[in-house]
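# Generate coordinates for the sequence data below:
(2 chains)
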Amino acid sequence: MQFFGGSEISPSPPPPTVSGNNAHMLYVFNRNGVCLLYREWNRPLKTLNPQQDHKLMFGLLFSLKSLTAKMDPTSAEKGNLGVPQLPGQGCSFHSFRTNTYKLSFMESPSGIKIILVTHPRTGDLRESLKYIYNLYVEYVVKNPLYSPGALINDFEAVDFNSVSYLILPSISMSEALDNFSRIKWIQISNTAFGLVVPFNYDVLSSVMEEWLRSSSIHSQNLLHQL
Amino acid sequence: MAAIYSLYIINKSGGLIFCKDYGSAGKMDTNDSLRLASLWHSMHAISQQLSPVNGCAGIELLQADTFDLHCFQSLTGTKFFVVCEPGTLHMESLLKYIYELYTDYVLKNPFYEMEMPIRCELFDINLSQAVQKDRVALLGR
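Numbers count the residues shown, from 1 in each chain, chains lettered A, B, ... in the order given. Alright, predicted model coming up:
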């Protein structure tokens, strides 16, 4: 069972393990096998259409999990092969490596699966996956306009941040923090102006009103203090 | 403490032809071993499909929470895989050595039928020696 600390996002991403462009693909699945987010940065070989590819990936992870749960040599009681298991139940896996790529895998207690495909010589990426999970929690789950289960391909904030973290591991800490605050701002403004999710005017206008009211109250307070 | 938990050999069509347990907890019955072997065969094939670049030859190392699985595929498609403790070193060379034993004592055995379960005394003897040697080397380190 993986352990997750508080929901506070860690101030800085974990140090990159290898310099240079090493990320190939990123997948985020929910517990029903819907691919919420897919990003690719360097994928010259495409054998399948995206939908089939996502299905195959989810199937591979599902089957590998049942394989590791059944094969676990340290526990005597392993149940039957192929019986679906709850997240965190039974022995899971965190990565596999082939001669051309390495796949790192993390599953949250709610069944969110994060998959990162990188260069085969990349080191342990469990911290990075936790970081990406934290980004998901902070910027997708906590977004009032996000309905659970919806695709998050449009959430620029998540994407941008993971790109700058994965693709440009050489950026300095100050730059990363700078990016971080800027993204937060972009995301807030996007949310407020409805650029992020499909329009739902009722919700949007109420959220905007509230946001404007709170910010004006805030500025009035500030003025009052001055 | 066992460094190696078990060894499996599967033929090119995914059938289990050899399976040996070196002390994993809980007995696995023959049917389960057969199913696991063919499941591994398919996962190996699917991992090649999902490769982002050309020339993928399938999973070499699977790191689970409680064990590592090292897999070696010969040119003819026979797969050898060992289940061992996390972080056990030199498993690639052990697998290559087991492949050597397989070519010497199984393929050169005139009574062995290709793709059928391995029942060769010499192979068993040499294999247990190789695994024993590996364990001794581990203790020495």
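
# which residue packs closest to whichever residue of chain B sits closest to chain A, ignoring adjacent ones?
Going by CB to the nearest CB, chain A is nearest to B:Ser24 of chain B, at 3.2 Å. Every residue, glycine included, has its C-beta placed from N, CA and C. Distances taken as CB to CB, 6 or more residues apart in numbering or on different chains put A:Pro73 closest to B:Ser24, at 3.2 Å, once the chain neighbours are dropped.

# And for B:Phe81?
Excluding the flanking residues, the one nearest B:Phe81 by CB to CB, 6+ apart is B:Cys71, at 4.1 Å.

# What separation do you get for the residue in chain A that chain B sits nearest to and B:Asn31?
Nearest to chain B, among the residues of chain A, is A:Pro73, at 3.2 Å (CB to the nearest CB). For A:Pro73, the distance to B:Asn31 equals 18 Å [CB to CB, to the nearest Å].

# Compare neighbour counts for those two and give me the winner.
Taking other CB atoms under 10 Å in any protein chain shown, A:Pro73 and B:Asn31 do not tie; A:Pro73 has more neighbours (24 against 9).

# Checking the more buried one next. Helix, strand or coil?
coil (DSSP: H, G, I helix; E, B strand; the rest coil).

# what residues are up against it?
Counting by CB atoms under 8 Å, 6 or more residues apart in numbering or on different chains, A:Pro73 makes contact with B:Tyr5, B:Ser6, B:Ser24, B:Ala25, B:Thr66, B:Phe67, B:Val83.

# Can you report how many residues lie near the nearest residue to A:Tyr146 once chain neighbours are set aside?
The shortest distance from A:Tyr146 to any non-neighbouring residue, by CB to CB, 6+ apart, is to A:Val140 (5.5 Å). A:Val140 sits with 21 neighbouring residues when counted by other CB under 10 Å.

# Ok, A:Lys70 next?
That count, for A:Lys70 with other CB under 10 Å as the rule, works out to 21.

# what ranges do the strands span in the chain?
By default, I'm working from chain A. Applying DSSP state E to chain A gives strands spanning A:23-29, A:35-40, A:93-98, A:102-107, A:113-118.

# meant chain B, my bad for not saying
Along chain B, counting by DSSP E, strands occupy B:4-10, B:16-21, B:59-64, B:68-73, B:79-84.

# Touching the longest one from outside, list them.
The reference is to strand B:4-10. Contact with strand B:4-10 is made by A:73, B:16-24, B:33, B:36-38, B:40-41, B:67, B:78-85, B:88, B:94, B:98, B:102, B:118, B:127, B:131, B:134-135, as judged by CB under 8 Å, 6+ apart.
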